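[1] Sharing a model prediction with you, sequence too.
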Amino acid sequence: MKKIVKTALIALLASAGLAAMQAAPAQAAAYSKARFTLPKGYTRANLKKAYLYSEMSKSQQKKWLKNKKNAAWLKKWRKINVKGMKANTFDQKGQGESAKDNKTVVTLKNGQVAPGQAKTLATYSLRLINDARGKMGLPKWKYSKGSQTLAKYIAAEYVANKKTIATGHYVPGIVRACNKAGLRLPGNYNYVEDMAGFKDGKLVTMTAMKKDIYFGLKTMVFGYRAANLAKVSQLSQYGEWSHAGDLMNTQGGHYDGDWDYYGFSVSYTGGTYSLHYIGVPSHLKWAYGGAYWGKFKA
């Protein structure tokens with residue numbers, strides 16, 4: 001099992017901060033595939049340490065940082081993550097991946113992205129996740145029809161109950177969605193969702209959506225807490241690597257190095273897009289006697 005209940009991004013991505021993503025792309029810029037890289041020093045050992053730091057209470061962190069070696073490590077680690085934020089720039093480029101993406105508007109139906117586009121965004125975001133995992137020598141996550149269906153169920157729960165990234169993980173809805181998909185996970189917890197989001201109007205291009213997904217992923221991987229890049233060089237803005245530990249299956253547990261079945265969905269409520277990155281750990285299929293896997297079909 002994943003060790004933690006995943007927490008939502010601290011900041012809702014502000015529409016003002018992402019306004020540039022909606023601007024008409026500069027015609028001189030070339031189209032290019034989004035890629036994701038990790039800076040030197042972003043290792044599994046360091047991420048595990050950062051994850052454990054993230055899971056401490058504020059008082060525990062304060063006590064831990066009284067040790068000069070720990071404080072020096074955290075400062076160095078934060079600098080590594082600043083480099084990561086600055087090295088991954090697809091969300092800042094004038095052009096997107098293609099002219100088609102620039103012209104295609106994301107289709108919303110009942111507050112969710114149309115199935116075909118949702119799958120396109122799932123394979124896109126999965127490519128980025130696996131780029132990062134590959135840099136760490138980790139096995140790839142795999143796209144799964146079952147996880148994609150689960151992602152759809154979760155998005156529907158957010159829409160029906162008027163929940164968004166701003167209100168945090170909607171755990172009762174996530175639990176209902178997991179049960180509907182056949183999973184039998186213990187307790188009323190969120191074991192499957194990482195989340196980002198942004199505010200915008202209904203008319204969003206695929207290019208803009210892909211850039212928002214990219215920004216959401218890099219803030220999770222590098223522990224960046226601000227809503228835009230204005231504070232990207234401030235070390236104090238880097239402090240939460242629970243999401244990164246989840247995306248990299250690096251949490252200091254028995255199943256570190258595992259991989260997930262992946263799906264992705266988008267929900268739209270009250271001017272806010274919530275991005276649902278859904279991962280079902282593959283070890284659930286056989287661990288614990290398969291009890292938590294239930295009737296889930298990956």
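    Alright, I've got the coordinates. Numbers count the residues shown, from 1 in each chain.
[2] Over to Phe198: give its phi and psi.
    phi -160, psi 160 (degrees, to the nearest 10).
[3] give me the beta-bridge partners of it?
    In this structure, Phe198 bridges to Leu13, Tyr273 when assessed by DSSP bridges.
[4] Thought Val266 was touching it, still the case?
    No: between Phe198 and Val266 there is no contact under C-beta atoms under 8 Å: 10.4 Å. Placement of C-beta: from N, CA and C, glycine included.
[5] hey, what's in contact with both of those two?
    Tyr273 (C-beta atoms under 8 Å, 6 or more residues apart in numbering).
[6] Parallel or antiparallel, which strands does the worst-scoring helix or strand of the chain on mean pLDDT pair with?
    Here the helix or strand of the chain ranked lowest by mean pLDDT, DSSP states H and E is strand 108-109, holding a mean of 94. Applying DSSP bridges to the sheet, strand 108-109 is found paired with strand 112-113 (antiparallel).
[7] the helices in the stretch 101-250 of the chain, which residues?
    Listed in chain order, the helices found in the stretch 101-250 of the chain under DSSP state H, counting those that start in this stretch are 115-135, 145-160, 171-181, 206-221, 242-247.
[8] how about those helices, which one is nearest Lys103?
    helix 206-221 (8.5 Å; C-beta to C-beta).
[9] Report the buried residues of that closest one.
    206-221 (16 or more other C-beta atoms under 10 Å).
[10] about what we covered before: how about residues contacting the least confident helix or strand of the chain?
    114, 202, 268.
[11] What is the burial count for the second one?
    Translated: Lys202. 11 (other C-beta atoms under 10 Å).
[12] do the same with the first one
    Using other C-beta under 10 Å, Ala114 has 13 neighbouring residues.
[13] nearest residue to it other than its sequence neighbours?
    Leaving aside its chain neighbours, Ala114 sits nearest to Thr107 (4.1 Å; criterion: C-beta to C-beta, 6 or more residues apart in numbering).
[14] separation between that neighbour and Tyr153?
    19 Å (C-beta to C-beta, to the nearest Å).
[15] Stretch 162-180 spans what distance, first to last residue?
    Taking C-alpha to C-alpha, to the nearest Å, stretch 162-180 runs 20 Å from one end to the other.
[16] Can you point out the buried residues in it?
    So for stretch 162-180, counting by 16+ other C-beta under 10 Å, buried means 163-165, 169-171, 173-178.
[17] And for stretch 184-192?
    185, 189-192.
[18] Likewise for stretch 98-112?
    Neighbour-count burial for stretch 98-112 [16+ other C-beta under 10 Å]: 101-102, 104, 106, 108, 111-112.
[19] What count of nearby residues applies to Gln251?
    23.
[20] Verify the stated contact: it with Gly245.
    Yes: look at Gln251 against Gly245 with C-beta under 8 Å: they come within range, at 4.5 Å.
[21] Which residues are in contact with Tyr277?
    125, 129, 193-196, 216-217, 247, 262, 264.
[22] That one: what secondary structure?
    strand (DSSP: H, G, I helix; E, B strand; the rest coil).
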